[in-house]
Structure formats: C-alpha cells, structure tokens
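Chemist: missing the sequence, but the structure's below:
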C-alpha cells in the first residue's frame with residue numbers, strides 16, 4: 001500500500017509577551033508568593049484543599065480572565081491564562097492544576113457550547129471563583145481511548161435524562177464549592193453527548209478522594225451515577241457532539257498543562273541555582289564545579305525551551321491559527337522536561353532532596369502526572385507523527 005505524503009503548512013510568526021502580560025505575571029507572582037507558597041507544604045502534607053485561595057484567585061480575576069465581559073469575565077487572551085497558570089504552578093502545582101481544570105475543563109465547555117440560558121445561569125459564579133465546575137470524561141475502564149471506553153449512558157425519559165455509569169479521576173468534582181459537573185455519556189447508537197449535572201443531584205455519588213502520589217492539595221474523585229435524573233435542557237450543545245466538543249477544548253488544555261509544567265521547571269531552576277550558590281563542599285560553592293554547573297545550565301535551557309514552545313502555541317491560539325501540532329509539541333516537551341528537572345534538582349540537593357521537609361520531594365511527586373493528564377506523552381507523539389504525515393495507526 002502506498003501512503004500519500006502529507007503536505008505540511010508551516011506557520012511562522014513572531015511572538016512576545018506584552019506589557020499587560022508582564023504586569024499580570026508580576027501581580028500573580030506576588031499573589032502566589034504571599035498566599036500560596038508559604039502554605040504549599042502544609043496543604044500537601046494534610047491533603048488540604050484551600051477553598052479560600054480559590055476564592056482569592058477569583059477575586060484576582062484569574063478564573064474569568066479569558067472569557068467575555070458579559071458574564072463577568074476579563075476579556076483577556078489565552079496567553080494571559082498561561083501566564084497565570086505558570087506563576088501559580090511555580091508556587092504549587094496543586095493550585096496550578098486547580099486553576100487549569102477550573103477554567104479549561106470546567107468553564108470553557110459551558111462558555112463555548114452553552115446556550116444563553118446555561119451561560120447566564122452558571123458562568124457568573126464560576127468566573128468570579130465563587131464556584132467550581134468539573135468535566136467528567138475518563139471512566140474506570142478507559143483513559144486514552146475515551147470515546148471507545150465510554151460506558152456511561154443517558155436515556156431521555158420524557159423531559160429528563162436518566163444517567164447511569166461512572167467516571168474516574170475527575171478534578172474539582174467534590175469540593176464544597178463545586179456547582180456543576182459536565183459529563184460525556186452515550187445517548188444513542190454511536191452517539192456521545194455532553195450533559196450538565198448539578199452537584200448534589202440525587203443519584204450522583206462522589207466517591208472518596210483518591211490517595212494520590214502527588215497533587216495532594218488538588219481535589220480528585222471518582223463519580224457514580226445511578227438513575228441520576230437531570231432536566232433535558234441540561235444537554236450541553238448539540239446532541240451527539242459531546243466527544244467532539246471535548247476534543248475541541250483538549251488542545252487548549254494541552255497548552256495550559258505545558259504552562260503548568262513550565263512553572264515547575266522554573267521552580268526547580270530557581271532552587272537549583274540557590275542551592276548551588278549557597279551550599280559549599282571542599283571549601284567552595286558546589287556551583288563552582290562543572291558537574292553541578294552544567295546540570296543547572298541544561299535545566300535553564302530546558303526551562304526556556306519549554307516556555308518558548310508553550311507561549312508560541314498560546315500565541316497561535318490567540319491569533320486564530322491551527323494549534324494541534326503546537327499544543328502537542330509544547331505538552332510533550334514541557335512535561336517530560338519537568339519530570340527530568342525534578343530528578344536533576346534532587347540530585348543537586350543530595351540528601352536534602354530526599355526528605356519531605358524541603359520542596360524537592362513534593363516537586364518530584366507532582367511532576368509525573370504532567371506526562372499523563374490531558375493526553376499522555378504517547379498520545380502527543382501519536383498526534384505529532386500523524387501531523388507529519390506518517391502512516392501511524
């Protein structure tokens with residue numbers, strides 16, 4: 001069989017952060033260093049989800065930054081969200097993913113596909129950070145093959161959807177301020193739709209929080225639906241387009257996860273530099289030794305490379321250009337670089353990197369999930385290969 005060679009369209013563009021972006025970065029960094037960083041270790045240790053910090057992120061305008069002003073948004077661009085996620089993630093990955101999931105998975109599908117009534121009903125509280133929304137796609141029996149593995153059903157009974165099934169690993173789904181969970185469900189033959197389920201609906205059970213390796217201060221639960229009934233008007237967007245709607249937002253999420261990884265990279269770099277200057281061995285700072293200095297130099301290159309890939313993808317998004325390839329590249333490189341960075345940091349810190357009293361252990365535990373969530377590294381390589389025209393099955 002002969003395979004046709006795919007003709008790639010190369011998009012060349014210059015990009016840089018504006019003065020507004022840099023002002024936002026300064027404001028978010030100040031907030032994160034004051035309100036998050038001093039408490040991150042305690043939250044991690046106690047598995048504590050700080051609702052008050054979510055409200056404060058809302059007060060700062062981070063939840064609604066990229067959405068229109070009609071429902072209380074800030075009218076900003078996607079790059080602004082990435083800047084905010086990077087800076088929050090630099091202080092604490094748990095709070096970074098809380099912001100990323102709240103906006104990208106919780107709010108964005110409603111803002112993008114919701115009816116005027118749904119937007120008016122849900123968006124004001126969500127954009128203000130007074131409430132959180134979640135999105136339930138993954139199920140216990142499937143991850144990357146989300147469409148084929150979907151078993152949750154929704155049957156129209158009069159003017160109600162009757163939902164049965166379960167979801168797994170759903171972020172922001174069981175907090176005290178979670179207001180709505182949008183789920184994908186089979187609504188007919190070869191038909192998957194998105195349906196909004198208000199928190200507390202009879203028949204919806206939020207299972208106990210997962211005992212996770214990392215992201216201890218992030219809220220993650222399994223969900224069970226047993227004869228769970230919601231009004232027919234809770235259908236989000238067009239019937240049968242649920243999975244396609246989610247795919248339309250997935251590329252955005254991959255860029256946002258890349259920004260979260262950049263925040264972790266920067267945190268590892270900052271701590272590596274500090275320790276390499278302050279720590280002495282054999283009568284001199286350990287950073288005077290090439291074995292350490294070169295590791296720090298490589299970490300700096302990885303951080304800047306990940307940042308450039310991430311913000312190029314964000315700039316393409318803001319320019320209305322195709323982003324599938326750019327999002328996959330950014331997500332793949334930034335997340336794998338972040339995992340490697342935590343190993344480098346731990347090696348530089350030596351014994352201090354292996355104890356829970358310092359942040360390195362938390363960084364190490366938080367990093368691995370970055371290569372899994374919003375599409376595994378393998379899926380990103382698959383996307384890139386196909387975009388290059390390779391006959392990948």
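Modeler: Received, thanks. Every value quoted in this text rests on a predicted model; they were computed, and no experiment measured them. Numbers count the residues shown, from 1 in each chain.

Chemist: how far off centre is the helix or strand where residue 378 lies?
Modeler: Under the criterion of DSSP states H and E, residue 378 resides in helix 377-387. Offset of helix 377-387 from its chain centre (Cα atoms, centre = their mean, to the nearest Å): 19 Å.

Chemist: buried sites along that helix?
Modeler: Neighbour counts over helix 377-387 (16 or more other Cβ atoms under 10 Å) mark 377, 379-380, 382-384, 386-387 as buried. All C-beta spots, glycine's among them, are computed from the backbone N, C-alpha and C.

Chemist: other residues contacting that helix?
Modeler: 6, 8, 144, 254, 324-325, 328-329, 331-332, 335-336, 371, 375, 392 (Cβ atoms under 8 Å, 6 or more residues apart in numbering).

Chemist: same thing with stretch 19-35?
Modeler: Residues contacting stretch 19-35 (Cβ under 8 Å, 6+ apart): 17, 53, 56-57, 60, 62, 79-80, 83-84, 86-88, 90-92, 95.

Chemist: so which bits of the longest helix along the chain are buried?
Modeler: When the chain is scanned for its longest helix (criterion: DSSP state H), the result is helix 242-278. Of all the residues in helix 242-278, those buried under the rule 16+ other Cβ under 10 Å are 242-243, 245-246, 249-269, 271-272, 275-276.

Chemist: could you name the helices and strands sitting against the helix or strand just after that helix?
Modeler: Downstream of helix 242-278, the first helix or strand assigned by DSSP H and E is strand 280-281. Here strand 280-281 touches no other helix or strand, going by 3 or more Cβ pairs under 8 Å, 6 or more residues apart in numbering; DSSP states H and E.

Chemist: who does strand 280-281 pair up with?
Modeler: strand 284-285 (antiparallel) (DSSP bridges).

Chemist: the helix holding residue 378 to helix 242-278, inter-axis angle?
Modeler: Going by axes from the mean of the first three to the mean of the last three Cα atoms, to 10 degrees, helix 377-387 is angled at 110 degrees with respect to helix 242-278.

Chemist: and the next helix or strand past the worst-scoring helix or strand of the chain on mean pLDDT?
Modeler: Lowest by mean pLDDT, DSSP states H and E among the helices and strands of the chain is helix 146-149, with a mean of 71. Reading on from helix 146-149 to the C-terminus, the next helix or strand found by DSSP H and E is strand 153-157.

Chemist: any buried residues in that following strand, and which?
Modeler: For strand 153-157, by 16+ other Cβ under 10 Å, it's residue 154.

Chemist: and the average pLDDT for stretch 289-299 is what?
Modeler: When pLDDT is averaged along stretch 289-299, the result is 97.

Chemist: looks like residue 149 contacts residue 166 (just checking).
Modeler: No. Counting by Cβ atoms under 8 Å, residue 149 does not reach residue 166; the two are 11.5 Å apart.

Chemist: now do the shared contacts for the two.
Modeler: With Cβ under 8 Å, 6+ apart, residue 149 and residue 166 have common neighbours residue 139.

Chemist: neighbour count for the two, which is higher?
Modeler: residue 166 (17 against 14; other Cβ atoms under 10 Å).

Chemist: state the three-state secondary structure for the more buried one.
Modeler: Assigned state for residue 166: strand (three-state reduction, DSSP: H, G, I helix; E, B strand; the rest coil).
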